[in-house]
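Student: Can you look at this prediction? I've put the sequence above it.
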Amino acid sequence: MQKIFECVPNFSEGRNQETIQAIRDAVKSINGSELINIHSDKDHNRSVFTIIGEEDALRESAFQSVKKAVELIDLNKHQGTHPRIGAADVVPFIPLRNASMEDAVSLARSTGKRIGEELQIPVFLYGEAAIIPFHRKLSNLRRGGFEKLRELVGTTPDYQPDFGPAYLGPAGACAVGARFFLIAFNIYLSTSDVGVAKKIAREIRESSGGLPKVQALGMLVNNLAQVSINLTDYRITPIDTVYEAVEKSAYQKGITIDHSELVGCIPKAAIQGIDPDSIKLKDFSPDRILENHLP
């Protein structure tokens, strides 16, 4: 049986349509992989691609997209609200059908090795693919962003790349990993006061004593305060649970929720039984469900 994976590369460009199109063309040039979604945000200055395919095609597709991003994106000129360390910031692989996490780890490590060696940029293996324990949590590498990592890379074993040179050029570094499905879920508040969003994010995220498997930041996007959320295991904290927590906290502060959005695609089980209207989910349709793209 054919092993099918998902790859969700994040690129540090959400404004220049020519650059985004060039990366899109690089992905679509590879037979055997399918680009099923692109989510670009000008304030984050970031684009999230969702690609599915079998092992060899997806490895090639991911590599070619990273290669194009490295050619076109200069982190020295990049400004955006989302934390980033590279032009091709993160490249995670997720087992989707007939594939195990061990398969995804092998795919991530082989792809990371090729990126580091052929493109000569530092590659850090993260998540389930991590070899150095400090690299397992992406937040460890992202703290301080590209500018801080440029000072730290290669200075201690914690900041030694797994592949590639121990210095950062204009394209920065690339974190390549394997993980479970991650749900990127943004909730927009009916205020432009980003301080409120930051307070709510601090209340709900796991690292501050909030909900398990929840990461959150407060940002200003499209002139609205946004609680930017990553659910790293929707089976433990579902989408509607985190929405209710944000809604309750916002209500206590005299704020309502304007709308919410999903970034990219999600497994069917993550939204099953949830009415999109009940969480004010904007622009949701069946093509956002991963299984609907499988043969």
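Tutor: It's in.

Student: which residues touch the closest residue to residue 32 other than its chain neighbours?
Tutor: Spatially, and ignoring its direct neighbours in sequence, residue 32 is nearest to residue 57 (2.9 Å; CB to CB, 6 or more residues apart in numbering). Where C-beta positions appear, they are placed from N, C-alpha and C, glycine not excepted. Applying CB atoms under 8 Å, 6 or more residues apart in numbering to residue 57 gives the contacts 30-33.

Student: Just the buried ones from these?
Tutor: 30, 33 (16 or more other CB atoms under 10 Å).

Student: pLDDT added to the contacts of residue 57, as TSV?
Tutor: Shown next, in TSV, are the contacts of residue 57 (pLDDT from 0 to 100):
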residue	pLDDT
30	96
31	94
32	93
33	95
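
Student: So residue 242: helix, strand or coil?
Tutor: helix (DSSP: H, G, I helix; E, B strand; the rest coil).

Student: Let me know the pLDDT of the closest residue to residue 81 other than its chain neighbours.
Tutor: Excluding its sequence neighbours, the residue lying closest to residue 81 (CB to CB, 6+ apart) is residue 219, at 4.6 Å. We have a pLDDT of 94 for residue 219.

Student: With residue 81 instead?
Tutor: pLDDT recorded at residue 81 is 85.

Student: thought residue 49 was touching residue 21?
Tutor: No - counting by CB atoms under 8 Å, residue 49 does not reach residue 21; the two are 12.0 Å apart.

Student: State the number of residues packed around residue 238.
Tutor: For residue 238, the neighbour count with other CB atoms under 10 Å is 19.

Student: what's near enough to touch it?
Tutor: Listed by CB under 8 Å, 6+ apart, the contact partners of residue 238 are 231, 270, 274.

Student: could you redo the last one with a cut-off of 10 Å?
Tutor: 183, 231, 244, 269-274 (CB atoms under 10 Å, 6 or more residues apart in numbering).

Student: How about residue 34?
Tutor: Counting by CB under 10 Å, 6+ apart, residue 34 touches 27-28, 50-53, 57-58, 61, 293-294.

Student: which of these count as buried?
Tutor: Looks like the contacts of residue 34 have 27, 50-53, 57-58, 61, 293 buried, using 16+ other CB under 10 Å.

Student: does residue 154 count as helix, strand or coil?
Tutor: Secondary structure, three-state DSSP: residue 154 is coil.

Student: can you give me the strands for this protein?
Tutor: Assigned by DSSP state E, the strands in the chain fall at 4-7, 10-11, 33-41, 46-54, 88-97, 123-127, 174-178, 183-189, 214-221, 224-231, 257-263.

Student: Let's have the ones you listed in JSON lines, adding distance to residue 285.
Tutor: Output for these, formatted as JSON lines (distance: least, CB to CB, whole Å):
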{"stretch": "strand 4-7", "distance to residue 285": "18"}
{"stretch": "strand 10-11", "distance to residue 285": "22"}
{"stretch": "strand 33-41", "distance to residue 285": "11"}
{"stretch": "strand 46-54", "distance to residue 285": "14"}
{"stretch": "strand 88-97", "distance to residue 285": "20"}
{"stretch": "strand 123-127", "distance to residue 285": "29"}
{"stretch": "strand 174-178", "distance to residue 285": "28"}
{"stretch": "strand 183-189", "distance to residue 285": "16"}
{"stretch": "strand 214-221", "distance to residue 285": "21"}
{"stretch": "strand 224-231", "distance to residue 285": "20"}
{"stretch": "strand 257-263", "distance to residue 285": "10"}
